[in-house]
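Participant: Structure for the following, please:
(one chain, ligands or ions: 2)
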Amino acid sequence: MIFAHDTEVALASAAALVNTGRAGTEELPGTGALDRFVAAWGWTGSRAHDQAELDAVRRLRPRLERLWQAGEDEAAELVNTLLREASALPQLVKHDGWDYHLHATPPDAPLADRMAVEAAMAFADVIRSGQLGRLRVCAATGCDHVHIDLSKNRSRRFCGVSCANRTNVAAYRSRRALGLPRGTGPGRPASTRAARPAG
Ligand SMILES: [Zn+2]
Ligand SMILES: [Zn+2]
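Facilitator: Numbering: from 1, shown residues only. Ligands and ions are numbered 1, 2, ... in the order given. You can find the predicted model right below:
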């Protein structure tokens, strides 16, 4: 694990929120879609279930998305602004079977504020540990999704399993079309195979 568990969940959740606006179609078209997103990512706390809440969450998206392009100083300023705007006050809490973790907004704060602050707290960890380079855009053709590479060797290239599989299948087909055996051809230099110990 690269970061604390709650930080990693918050980062994945922030990427998922950004991705709802990057698919070409709006993936949060109404309050019902927001309800499903909130349930899927285990958000607790008070909800308004109205258009204003949805609009506030949608307004947060491009601000978080910016972190995937920002350099360190700009990212730090973005995080500071999000924390300041929501008057974030970090507190250790236990709830719903979770052990102690940080909340920096009260449970009755607006959903978009809680999302903003949880993401900002997590990105603060990323920035202060010099790990901003782990923010990536999916390498699969035709996919725009962002993700955070939480692998030990910083090797994650795809937003998810389906993009990885699709890319691997395409690479296999192009190798076969070229008459190359498995494990050679585009995307896999011969040196990586030779580097493995024999037997
Ligand atoms: Zn919590
Ligand atoms: Zn992808």
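Participant: and the closest residue to G24 other than its chain neighbours, what does it touch?
Facilitator: Nearest residue to G24 in three dimensions, chain neighbours excluded: D144, at 7.6 Å (CB to CB, 6 or more residues apart in numbering). The C-beta positions use only the backbone N, C-alpha and C, and glycine is treated the same way. Applying CB atoms under 8 Å, 6 or more residues apart in numbering, we find D144 in contact with 22-24, 137-138.
Participant: next one: C159
Facilitator: 15, 19, 138, 140, 143, 145-147.
Participant: 10 Å - rerun?
Facilitator: Applying CB atoms under 10 Å, 6 or more residues apart in numbering to C159 gives the contacts 15-16, 19, 22, 136-140, 143-147.
Participant: Give the ChimeraX command for selecting the buried subset of those residues.
Facilitator: Only the buried members of those end up in this ChimeraX selection, burial being decided by 16 or more other CB atoms under 10 Å:
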select :15,16,19,22,136,138,140,143,145,146,147
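Participant: Ligand 2 next: which of the contacts of C159 are close?
Facilitator: Among the contacts of C159, the residues that sit close to ligand 2 (CB under 5 Å from the ion) are 138, 140, 143, 145.
Participant: Checking the closest residue to the last one other than its chain neighbours next. Helix, strand or coil?
Facilitator: Right, the one you point to is H145. Computed as CB to CB, 6+ apart, the closest residue to H145 that is not its neighbour in sequence is C159, at 3.7 Å. Using DSSP: H, G, I helix; E, B strand; the rest coil, the structure places C159 in coil.
Participant: before we move on, back to that, now the contacts of D144 as CSV including pLDDT, secondary structure and distance to R59?
Facilitator: As requested, the contacts of D144 are exported to CSV (pLDDT from 0 to 100; DSSP: H, G, I helix; E, B strand; the rest coil; distance: CB to CB, whole Å):
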residue, pLDDT, secondary structure, distance to R59
R22, 93, coil, 15
A23, 76, coil, 18
G24, 81, coil, 20
V137, 96, strand, 22
C138, 96, coil, 24
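Participant: What is the most widely separated pair among the residues you listed?
Facilitator: Spatially, the most separated pair among the contacts of D144 is G24 and V137, at 14.5 Å (CB to CB).
Participant: Adding distance to L54, write the contacts of D144 out as JSON lines.
Facilitator: Output for the contacts of D144, formatted as JSON lines (distance: CB to CB, whole Å):
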{"residue": "R22", "distance to L54": "17"}
{"residue": "A23", "distance to L54": "17"}
{"residue": "G24", "distance to L54": "19"}
{"residue": "V137", "distance to L54": "25"}
{"residue": "C138", "distance to L54": "26"}
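Participant: of all those residues, which comes closest to ligand 2?
Facilitator: Taking CB to the ion as the measure, ligand 2 lies nearest C138 of the contacts of D144, at 3.1 Å.
Participant: The closest one contacts F158, correct?
Facilitator: Yes - C138 lies in contact with F158 (CB atoms under 10 Å); the separation is 5.4 Å.
Participant: For the two, list the residues in contact with both.
Facilitator: Residues touching both C138 and F158 by CB under 10 Å, 6+ apart: 145, 147, 164, 167.
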